[in-house]
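Peer 1: Would you be able to build a 3D model of this:
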Amino acid sequence: MAQALVEPQERLMEVKATEPERSASAPAGEEKTFRPYDPEQVLLMAPVLREWVPEGDLAHFVCDLVETSLDLGSIYGSYESERGFPPYDPRLMVKLLVYGYATATPSSRKLEAATYRDVAVRMLCADQHPDYRSIARFRRRHLDALAELFVQALRLCRQAGLVKLGTLALDGTKLRANASRHKAMSFERMAKTEAALEAEIAAMRATAADLLEGAEATDQAEDERYGPDRRGDELPDELARRESRLAKIRAAKAALEAEETERERSRHAEAAAQGRKLRKPHPDDEAPAPKATAQRNFTDPDSKIMKTSDGSFHQCFNGQAVVDEHAQVIVSAGASNQAPDCPQLEDALDQLADNLEAVGLQLPQDAALTADAGYFSQGNVAIAEAHGLDPFIATGRHKHSDPPPIAPRGPIPTHATPKQRMARKNRTKKGQATYAKRKAIVEPVFGQMQTVQGARQLLLRGSQAALAQWRFNCAIHNLLKLHRAGGLQLARAG
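Peer 2: Numbering: from 1, shown residues only. The predicted model follows:
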């Protein structure tokens, strides 16, 4: 049996190995010549950082703008002391912030990362890398000076011929505050929560008192109860948190009560000026109680709950802009924490007059102002006319499916109210043609700012910071218009 197994093995033959035959067809792309690619190749880069960025890039415009056209005297003037480590050059920081806001990168942390990763930012910073704390502190310290760059940007647009002031459009947009609506509380809920917290704190104080009655026990027992590093008479953590929350709620209630008192005092003063007397007692005689639905946010108390364009409610500020028809340049920018647009018109036109005087412009005789129905009031019509503007303010909503109104004929009725007069004026051929421009003038501006700059969201908190951020965003919008129109050469030629 063993011999039968060996014989087949002896008959095995050694076979010479052969290479497998290759296919006659070459792999795809084998005969194609590609450009050389070597990630480890040592490059001889240009020693000047400006040469790393292509001509016409926004970074070159920002660099030339800060170096030759912007006055940073107010920023330099704030550095009076020689103490401490030398700060970054304000020109570097302004370039970084202008370019960051123009490219929807307002975050100080993202800007710091860009100084390492973005070639254009490295060029603007001359290969320096300010940390995010330095960027945030610079912005916070010089926020008012950055907001005033709006006037300088408007002056450059005027020199470039981008401002004609023939037809102006006023509108508002809701700016999201850096606060959550879930951190707001109504006055009614504050009162209930205050009472509940007071009861909880009283109960916890009684429990703490019971615990402290055993303070005469041995040191070992005290260590087991309170810990080796505690005396034993400190407030429990839960009690401290409740007392802190109670203090915040009481402060918020006091602020709402103060706002209501000031509001009632203004109402009584206005009524007295008109020779009327209100039924409600004067706040000096009886302190008024805020409405139960009056709210205050604990994160940003200056922000208010407002309805946005998508129908939702958020903590917001109301940003306002007056836009020129010719190149969609913003000529007046403001922000407040009042949701209605009607009270904003006077401040917008007052700022418009100041801005035009600062840049050396005057309204033409036939200048017109268009605004939607949210701005109409008899007083606003008079204010617009006093500023040398012919107002075309809607008196109501007009559905897109409705046919165009018929132009009126004949003289204006003598008994017509101001609202009826404005409605009749808007139905004329001139009124329809002028008001039809409104959406094409101002609404695209808000869309551009929200898309290009991310200007819908505010970073800093408080009314003054919101106003300054909005004006700086509007300045960036105007500078981008100037850049796309031809840049600083166009302004110098004008």
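
Peer 1: chain center to the longest strand along the chain: distance?
Peer 2: Across the chain, the longest stretch assigned as strand under DSSP state E is strand 313-324. Remark: strand 313-324 is offset 9 Å from the chain centroid, using C-alpha atoms, centre = their mean, to the nearest Å.

Peer 1: and what of stretch 325-337?
Peer 2: With C-alpha atoms, centre = their mean as the basis, stretch 325-337 stands 14 Å off its chain's centre.

Peer 1: Give me the buried positions along it.
Peer 2: Buried residues in stretch 325-337, counted by 16 or more other C-beta atoms under 10 Å: 325, 327, 328, 329, 330, 331, 332, 333, 334, 335, 336, 337. Bear in mind the C-beta positions are built from the backbone N, C-alpha and C, glycine included.

Peer 1: Which pair of those residues spans the longest distance?
Peer 2: Farthest pair in the buried residues of stretch 325-337 (C-beta to C-beta) is 327 and 337. Separation: 30.6 Å.

Peer 1: circling back: in its sheet, what does the longest strand of the chain sit against?
Peer 2: Paired strands of strand 313-324, with direction, are strand 167-176 (antiparallel), strand 304-307 (antiparallel), strand 330-336 (antiparallel) (DSSP bridges).

Peer 1: Could I get the average pLDDT for it?
Peer 2: Strand 313-324 carries an average pLDDT of 93.

Peer 1: Please apply the same query to stretch 410-423.
Peer 2: The predicted model assigns stretch 410-423 a mean pLDDT of 82.

Peer 1: Need the CA coordinates for it. CSV is fine.
Peer 2: Extracted C-alpha coordinates of stretch 410-423, given in CSV (Å, rounded to 0.1, in the frame of the first residue of the first chain):
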residue,chain,number,x,y,z
GLY,A,410,-59.5,115.5,-11.7
PRO,A,411,-58.5,117.6,-8.7
ILE,A,412,-57.8,116.2,-5.2
PRO,A,413,-60.9,116.3,-3.0
THR,A,414,-60.6,119.0,-0.4
HIS,A,415,-62.0,116.7,2.4
ALA,A,416,-59.4,113.9,1.7
THR,A,417,-57.4,112.7,4.7
PRO,A,418,-53.6,112.5,4.5
LYS,A,419,-53.9,108.7,4.0
GLN,A,420,-56.4,109.2,1.1
ARG,A,421,-54.1,111.8,-0.5
MET,A,422,-51.1,109.5,-0.3
ALA,A,423,-53.2,106.5,-1.7
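
Peer 1: Could you find the closest non-adjacent residue to residue 114?
Peer 2: Spatial nearest neighbour of residue 114, excluding adjacent residues (C-beta to C-beta, 6 or more residues apart in numbering): residue 121 at 4.2 Å.

Peer 1: Could you do residue 376 as well?
Peer 2: Nearest one to residue 376, counting by C-beta to C-beta, 6+ apart, is residue 393 at 4.6 Å.

Peer 1: List the beta-bridge partners for the one you found.
Peer 2: residue 371.

Peer 1: Against residue 36, how distant is it?
Peer 2: Using C-beta to C-beta, to the nearest Å, residue 393 is found at 66 Å from residue 36.

Peer 1: These two: which is more packed in?
Peer 2: Neighbours were counted for residue 393 and for residue 36 using other C-beta atoms under 10 Å; residue 393 has more, 26 against 6.

Peer 1: roughly how far apart are the more buried one and residue 340?
Peer 2: 14 Å.

Peer 1: how's the chain carved up into domains?
Peer 2: Listed by automatic domain parsing, the domain ranges of the chain are 49-74+87-141, 147-180+301-493, 184-223+234-297.

Peer 1: Which among these is found nearest to residue 41?
Peer 2: Using C-beta to C-beta, the nearest of the domains of the chain to residue 41 is domain 49-74+87-141, at 16.8 Å.

Peer 1: From the opening residue of that closest one to its closing one, how far?
Peer 2: 29 Å (C-alpha to C-alpha, to the nearest Å).

Peer 1: how far is whichever strand or helix holds residue 259 from where the chain is centred?
Peer 2: Following DSSP states H and E, one finds residue 259 within helix 237-273. How far helix 237-273 lies from its chain's middle: 27 Å, per C-alpha atoms, centre = their mean.

Peer 1: Could you list the paired strands of the following helix or strand past it along with their orientation?
Peer 2: The element immediately downstream of helix 237-273 (helix or strand, assigned by DSSP H and E) is strand 295-297. The pairing partners recorded for strand 295-297 under DSSP bridges are strand 184-186 (antiparallel).

Peer 1: Output the below-cut-off pLDDT ranges for the stretch 101-250 of the chain.
Peer 2: Where the stretch 101-250 of the chain drops to pLDDT under 70, the residues are 186-187, 189-190, 194, 197-198, 200-201, 204-205, 207-240, 242-243, 245-246.
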